[in-house]
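K.L.:
Structural data only, the sequence is not supplied:
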C-alpha cells in the first residue's frame, strides 16, 4: 500500500492551499482517513479526520478553516486549508487506519504518506 501527498508549499498568511493524498494498494473506502501535522520540536498532531461513514472532525486549532474531503473514485483524500496562519507551518501527513468494527481511533495507523511541507510566512 502507498499514500502519496502533494500540494504543499510556501504561502502568505491568510492564503490557501489544498493538499492531496492519493492511495494505492488499499480498499480506500473501507479505511478511516486523516491528516496529521508535525512542526519542528512538537509532537505529531491529528488535525482532520474522516471515518468510513463520512463523518468528519477537526482539531480546535483548525476548525472552521480546514476541510477534509475524499473522492473514492480517484482514491484521493484532500485537505483544503484556508485562512492560513504562521502556526500552521508543519509537515503534513496523510494517514489510513483500518477501523475497529464501526469505530475509527486513529491511534495505530496502518499506513502513512511521506509528508508534504507547508510553510506559512510573509
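P.N.:
Everything's here; your move. Here the structure is a predicted model, which is why all the values come from computation and not from measurement. Numbers count the residues shown, from 1 in each chain.

K.L.:
Surely residue 17 touches residue 83?
P.N.:
No. Assessed by C-beta atoms under 8 Å, residue 17 is found out of contact with residue 83, at 11.1 Å. Heads up, the C-betas are built off the backbone N, CA and C, glycines and all.

K.L.:
And the residue nearest the centre of this protein?
P.N.:
Geometric centre of the chain, nearest residue: residue 35, 2.0 Å, by C-alpha atoms, centre = their mean.

K.L.:
Please work out which residues outside the host helix or strand of that residue touch it.
P.N.:
Taking DSSP states H and E as the criterion, residue 35 maps to strand 32-38. Residues outside strand 32-38 that contact it (C-beta atoms under 8 Å, 6 or more residues apart in numbering) are 19, 21, 44-52, 66, 68, 70, 77, 79, 88, 90-99, 104-106, 109, 118.

K.L.:
Among the residues you listed, name the buried ones.
P.N.:
Among these, the ones that count as buried by 16 or more other C-beta atoms under 10 Å are 19, 21, 46-51, 66, 68, 70, 77, 79, 88, 90-98, 104, 106, 109, 118.

K.L.:
ok, back up a step: among residue 17 and residue 83, which residue is more densely surrounded?
P.N.:
Legend: neighbour count by other C-beta atoms under 10 Å for residue 17 and residue 83, higher for residue 17 (20 against 13).
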